[in-house]
Each structure stands twice: as C-alpha cells, then as structure tokens.
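fold the following for me, if possible:
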Amino acid sequence: MKSYMIQGAKIIATGSAIPSLKVSNEQMSSFVETSDEWIFTRTGIKERRLLTESGKSITDLAVEASIKAINSIAMDPKKIDLIILATSSPNDLFGSASKIQNEIGAINAVAFDLTAACSGFVVGIITASQFIFTGTYKNVLVIGADALSKWVDWSDRSTCILFGDAAGAVIVQSCNSVSNSILNFHLSTDGNYADYLSIAYKENLEPHPTLNLCQGSFKYISMNGKEVYKFAVSQVPLSILKCLNDINLSVKDVDWLLLHQANERILTAVAEKLSISSHKVISNLSKYGNTSAASIPLALNEAVQSNQVSRNDIVVIAGFGAGLTWGTVVIRW
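The predicted model follows:
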C-alpha cells in the first residue's frame, strides 16, 4: 500500500445474479463422455448455471447484480462515479460497461471494461481502490461477470465440465483512512505461460482478394489443466503470504479465505499450504462451477447474505487464471 493514500476504501454492498438454467453432472453425461463421479472427484463441481435465455447476455446478468447491490443500501445510482466491468466475455467486443451504466441509471459514472479473466475481479477491486485512495472518486461499482459457456467446446470434456455463467457486484466507497478496509494487495503476471489458458484468435485461410487481408474469429477455450493447477498451487500461497507479511499479519489472523472458484483441489491445496482450516474456506464451487471473473463476488455475496462473514473479519481474497495472472487483496470487513 502506497504512503500517499489520503482516503480509505471499503466495500459497502454486494449483489449477484445467476441464469435460471441449471445443468447437473448427470445432464452433462448425456452429451459428452463423463459421469457425475468423474466430474465431482476431479473438480468438486456438481452443477452449473448457463445463460441460454433468448436475447439475454452477460450485460443483463451484470445489470441485475448491480441493481441488487445498489438497492441493498438504497443508493441513488447517480452517486456512482465509476463502473468497472471485469469480464472476458462481453456481448460487445468494444465493451459492455457503458451499457450497464445506462441500464442502471448511473448517468454520472465513467464506465470501462477490464479484461483479466479469472483474476479480473481482484484487479477490478484494486483498480477501484486506487481511484478512491487518491480522492479521484468516492463511489465505485465493481462487477465481475462472465458467460464462458459461449466460448466452450461442448465436446471437450476436459473443459466443458468446468465453466458456468454468473455475475457479481460490489460497491466500494471512500472513507477516512483510519477506517480503511482495503488493507493491502499484490498482483503478478507471467506472460511466458499465457498459452496455458486462452481463447485464441485464428485467421481464416482465404485473404481478401484485393487487400490481402485475412480476417478470422476466436476459437474455443484451450487449457492445460495440469500446468494451471501447478501454477495456482505454487504462486497463490506466496502472493497471500507476501500480502499478509507486508502489513504484519499472519495466516492465524485470517478469518476467511476466498479464492477464485476454479477447482476444489486447488482450493484445498492452497489452504493446506497456508495451514488454513478448511472451515475458513468460502466455497460455492459445487453449485456454479468456474464462473471466471464472477466467481469471487458471487461467493462473497452469498457469504455476506448468510451472515457467514462478520464485521471486522479479515478476509483474504485471491484470484488467478489466464495471462497467467494472479493477485491477492486483504480486506477487513
């Protein structure tokens, strides 16, 4: 945390939204060679939600999650200064944040998309806090939303079993520096391994006859699951420890560990490496699968709504994924 911080920041509201269609592991086995046992033992996932409603997009889920967060504190959306949409699956390649701004009536807000895949929400929270710490903005809406079902090869059982669609949102507000709740953060990137998890662009073979210009399209999700697992289990604990050590906290001070909901084996391995009890791990992976940038705010909202997280609890949040990118933020609730 930089010493020039003149304002504090805190999360004052949460919200989430999920599609209505629930797809179980048994249903998956009807169109791809797999089984409930095979999926659950390897991932911890029992079911996922898919955005299949005609005319509905990830923007609709993001709007719903945002409105729930706004309504939970009866905030006038005109008071929102900035909207950050963390997504890798916008329904407009130019970005979807501005459409959300319009839909929720946040007419005074600047809005932009942020693409960092499964690390997106953590990067979004940290970006929001920087605008607040310097006094630039007072109220920031941060949304994590993804519909990666649109980019999954549904014949590839190594990836199609993993992903679900959802959106989650939080409102981050300025406060005095003494009450600051965003205690510290750490971000990292290693582009040397970007190919381990990607949605690559592929040019068509036939160029334009006059311009000699090849156009193309994006392919399906490609993932080296073994290497992504090794990366997450090795790097995420180090990021968390650095974040805690820098502010003189230890793992014993952690009340809750909220990791990107990618795979139950990763959640367990990271917690074990940190010697954090499984009772302190927040997880809803079994119900929703990997919802990418939405996974952390979705799980956070459920934990808040169920009163699992209490005032002054230390919550360690860590995201990791494509890029490869990873990051941690330590919050006092």
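
distance from the strand or helix carrying residue 267 to the middle of the chain?
Counting by DSSP states H and E, the element that carries residue 267 is helix 264-273. The chain centre lies 18 Å from the centre of helix 264-273; the measure is CA atoms, centre = their mean, to the nearest Å.

what's in contact with it?
Helix 264-273 is contacted by residues 42-45, 229, 232-233, 236-237, 240, 257, 259, 261, 277-278, 280-281, 283, 285-286, 318 when judged by CB atoms under 8 Å, 6 or more residues apart in numbering. Backbone N, C-alpha and C define where each C-beta goes, glycine included.

so which elements touch the helix or strand following that helix?
Scanning forward in sequence from helix 264-273 by DSSP H and E, the next helix or strand is helix 285-288. If contacts are counted by 3 or more CB pairs under 8 Å, 6 or more residues apart in numbering; DSSP states H and E, helix 285-288 sits against strand 47-50, helix 264-273, helix 295-305.

same question for helix 285-288: list its buried residues.
Neighbour counts over helix 285-288 (16 or more other CB atoms under 10 Å) mark 285, 287, 288 as buried.

likewise for stretch 98-118?
98-101, 103-104, 106, 109-111, 113-118.

CA-only coordinates of that stretch, as PDB, when you get a sec.
Coordinates of each C-alpha in stretch 98-118 appear next as PDB, following Å, rounded to 0.1, in the frame of the first residue of the first chain:
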ATOM      1  CA  SER A  98     -21.300   1.700 -20.800                       C
ATOM      2  CA  LYS A  99     -24.400  -0.300 -21.500                       C
ATOM      3  CA  ILE A 100     -24.600  -1.200 -17.800                       C
ATOM      4  CA  GLN A 101     -24.100   2.400 -16.900                       C
ATOM      5  CA  ASN A 102     -27.200   3.300 -19.000                       C
ATOM      6  CA  GLU A 103     -29.300   0.400 -17.800                       C
ATOM      7  CA  ILE A 104     -28.900   1.200 -14.100                       C
ATOM      8  CA  GLY A 105     -29.200   4.900 -14.400                       C
ATOM      9  CA  ALA A 106     -25.700   5.800 -13.300                       C
ATOM     10  CA  ILE A 107     -25.600   8.800 -15.600                       C
ATOM     11  CA  ASN A 108     -22.700  10.500 -13.800                       C
ATOM     12  CA  ALA A 109     -20.400   7.500 -13.900                       C
ATOM     13  CA  VAL A 110     -17.400   6.800 -16.100                       C
ATOM     14  CA  ALA A 111     -17.500   3.200 -17.200                       C
ATOM     15  CA  PHE A 112     -15.000   0.800 -18.700                       C
ATOM     16  CA  ASP A 113     -14.300  -2.900 -19.200                       C
ATOM     17  CA  LEU A 114     -11.300  -4.600 -17.700                       C
ATOM     18  CA  THR A 115     -10.100  -7.900 -19.100                       C
ATOM     19  CA  ALA A 116      -8.100 -10.200 -16.800                       C
ATOM     20  CA  ALA A 117     -10.100 -13.400 -16.900                       C
ATOM     21  CA  CYS A 118     -10.400 -15.200 -13.600                       C
END
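
what mean pLDDT would you report for it?
Taken as a whole, stretch 98-118 carries a mean pLDDT of 97.

how far does that stretch sit from the chain's center?
So, by CA atoms, centre = their mean, the centroid of stretch 98-118 is 16 Å from its chain's centroid.

and the helix holding residue 267, what's buried?
Neighbour count says helix 264-273 has 264, 266, 267, 269, 270, 271, 273 buried, by 16+ other CB under 10 Å.

which strands and helices sit next to the helix or strand hosting residue 42?
Applying DSSP H and E as the criterion places residue 42 in helix 36-43. Other helices and strands packing on helix 36-43, by 3+ CB pairs under 8 Å, 6+ apart, are helix 25-28, helix 264-273.

how distant is the shortest one from the center of its chain?
Shown here is helix 25-28, whose average C-alpha point lies 25 Å from the average C-alpha point of the whole chain (CA atoms, centre = their mean).

per-residue pLDDT, the residue nearest to the spatial centre of the chain?
The residue lying closest to the centre of the chain (CA atoms, centre = their mean) is residue 293, at 2.3 Å. On pLDDT, residue 293 comes in at 98.

and it, how far from residue 70?
Residue 293 sits 19 Å away from residue 70, going by CB to CB, to the nearest Å.

and if you look at residue 311?
For residue 311, the distance to residue 70 - CB to CB - is 21 Å.

more neighbours: these two, which one.
In this view residue 311 and residue 70 are compared by other CB atoms under 10 Å, and residue 70 has more residues nearby, 23 against 6.

skipping adjacent residues, who's closest to that one in space?
Once flanking residues are discounted, residue 70 sits nearest to residue 77: 5.6 Å by CB to CB, 6 or more residues apart in numbering.

ok, back up a step: I figured the residue nearest to the centre of the chain was touching residue 120, is that so?
Yes - here residue 293 reaches residue 120: they are 3.5 Å apart, a contact under CB atoms under 8 Å.
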